[in-house]
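this is the structure alone, sequence omitted:
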């Protein structure tokens, strides 16, 4: 009896131990859910998040992508699972859930179908250098497996998994394998294999440049594959959301990283400048997340969407754990990146070889242009195909380089033509083309483009206010923007044409106020726009002076205002400036403020201007309560 009792005790003890060992809380105790107070501020402490919240956040944040409003099991968690995840909150649970969804045949198929990668690949059909059907580069030498020309290899999952695991050992990225990644591999290696061969050819042009810049910024060289996911290495690629170039920069994000965008030039299309901007952007994102998969997700959807996903996942900082909470497009982004890494490293195993792009990286050289020059002049004088000049210089949107004595631009040419250009530079500038594009016409075209500007509508503004600011009429604004009525809304982009310098004068005049503080009592029917007009300032000035977060004001409310400086005051203050006694407008830094946010609050103020006025070298060290000079009060 005693012996049987001991056996029973041993059996029960074994069952209890087995149950405890299977519980994830004893396997990885460090992954348990953080307290709500910690989760709330998990990302808020990062100083540079706000500067990276670009238009991508807005473009990818929609009702259909909201985790809590979705009930489609193939794109987000159902409500029962939401409550389960929130109540348990373990990283293991999220990872298991994501892995199950990523390996679901129907969900992985939907992710592939909805990915922009497919349409980007199809765009390769029309790219310039492949229209001549060049022979495949050194196929006999690269075909180490002696495959037939039309043979399409296909491998079992175990082979893909082993190969990706091998790649994972030599990279800081977390390369894994699942059904969704398999679908993207099939896209590149089977369904679109002819286009993948073109990508392999284009990599001979762009990868040496990418590797050089990535190495300079001490970034992983595997990031070069990101450009394939973004643009399929098409230099003038564009998305429906407005992203442009090899690295698919949105307008505002490009501005943050110094990319010039105007009617004649768009640096987002410039391979060299955009690659430098991409390296800086990726470096900044890594300084926030310290995880390359999260960096890729933030590059695609914006840091704001990644931060929301982290919060909803209970503060877990793992791409595969937050995967269900990300926007739809981003759920297929990292799987596509892993698939590209695989295909580019195992192209020979899939009987894929580069198509000759017609020119290689080492066959391209640059010259400086110091005067107005058109692609027609370059093409006809140097006898270079027009499409070749256009392909190598996609940043010049109108086919005109708007250079001048004080504004030098770069022209990229096949190396064999550089010597002739340098020897006959002045003759090229003066050359009249067969189409009759003469120098005077070019100058007129550039002058007109300089007058074109984009105005972002602010809260409280009307077409009348904007028309007065740019010295034009409401009817002109309607005509330029195809407006049927006078309705506009905050954030709307309006094309404006003004007299040279009129817009800049308008911006600077908004800062010409006396240093004497006074008060304005709001009257019935007044708004910030009308009050700003009265005191010749902007609505942003009024908001800043009164710490207003919105444009809502009430009758009898007291607002701090600074009356416009008289001519006498302006003269006196200018004299003080010349004597070294400078008066400044100050901004008090609030929690979460970045230099980019601060600059946007003041007309005519840039990030570089704030840096220079305050001798700032590291913008990540802004502290709440710190006072910054934002402009000289003249």
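Cool, got the structure. What you see is a predicted model; the values in this text were computed from it and never measured.

how is this structure partitioned into domains?
Under the assignment named as automatic domain parsing, the residue ranges that make up the domains of the chain are 66-127+138-350, 361-448, 577-634.

for the ones you listed, give me a markdown table that also has distance to residue 486.
From N, CA and C alone the C-beta is placed, and that goes for glycine too. Shown next, in a markdown table, are those (distance: least, Cβ to Cβ, whole Å):
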| stretch | distance to residue 486 |
| --- | --- |
| domain 66-127+138-350 | 25 |
| domain 361-448 | 26 |
| domain 577-634 | 23 |
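
what's the closest of those to residue 542?
Nearest to residue 542 among these is domain 577-634; the distance by Cβ to Cβ comes to 11.1 Å.

same question for stretch 424-441, mean pLDDT?
With pLDDT averaged residue by residue, stretch 424-441 scores 73.

same question for stretch 200-213.
91.

tell me if I'm right that residue 260 and residue 267 touch.
Yes - between residue 260 and residue 267 there is a contact at 4.7 Å, judged by Cβ atoms under 8 Å.

helices and strands around the helix or strand containing residue 390, which ones?
Here residue 390, judged by DSSP states H and E, is contained in helix 386-392. The elements that helix 386-392 packs onto, with contact taken as 3 or more Cβ pairs under 8 Å, 6 or more residues apart in numbering; DSSP states H and E, are helix 375-382, strand 409-414.

least reliable of those by average pLDDT, please.
Comparing mean pLDDT across those, the lowest value falls on helix 375-382: a mean of 90.

counting by contacts, list what that one packs against.
On the basis of 3+ Cβ pairs under 8 Å, 6+ apart, helix 375-382 makes packing contacts with helix 386-392, strand 409-414, helix 415-423, helix 425-430.

quick one, the second one and helix 375-382 angle?
Taking axes from the mean of the first three to the mean of the last three Cα atoms, to 10 degrees, one finds strand 409-414 and helix 375-382 inclined to each other by 50 degrees.

give me the contacts around strand 409-414.
Surrounding strand 409-414, the residues in contact under the criterion Cβ atoms under 8 Å, 6 or more residues apart in numbering are 265, 359, 363-369, 373, 378, 382, 384, 388-389, 392-393, 401-403, 421.

buried members of those into ChimeraX, please.
In ChimeraX, the members of the contacts of strand 409-414 classed as buried (16 or more other Cβ atoms under 10 Å) are selected with the following command:
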select :265,359,364,367,369,373,378,382,384,388,389,392,393,401,402,403,421
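
picking up where we left off before, columns distance to residue 550 on top of the helices and strands packed on helix 375-382, output as JSON lines?
Below are these laid out as JSON lines (distance: least, Cβ to Cβ, whole Å):
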{"stretch": "helix 386-392", "distance to residue 550": "47"}
{"stretch": "strand 409-414", "distance to residue 550": "43"}
{"stretch": "helix 415-423", "distance to residue 550": "56"}
{"stretch": "helix 425-430", "distance to residue 550": "53"}
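
residue 145: which of the ones you listed is closest?
Distances from residue 145 to each of the helices and strands packed on helix 375-382 were compared using Cβ to Cβ; the minimum, 33.4 Å, belongs to helix 386-392.

what residues does the closest one touch?
Outside of helix 386-392, the residues that reach it under the criterion Cβ under 8 Å, 6+ apart are 128-129, 235, 359, 364, 375-376, 378-379, 399, 412-414.

that's all I had, so thanks and see you.
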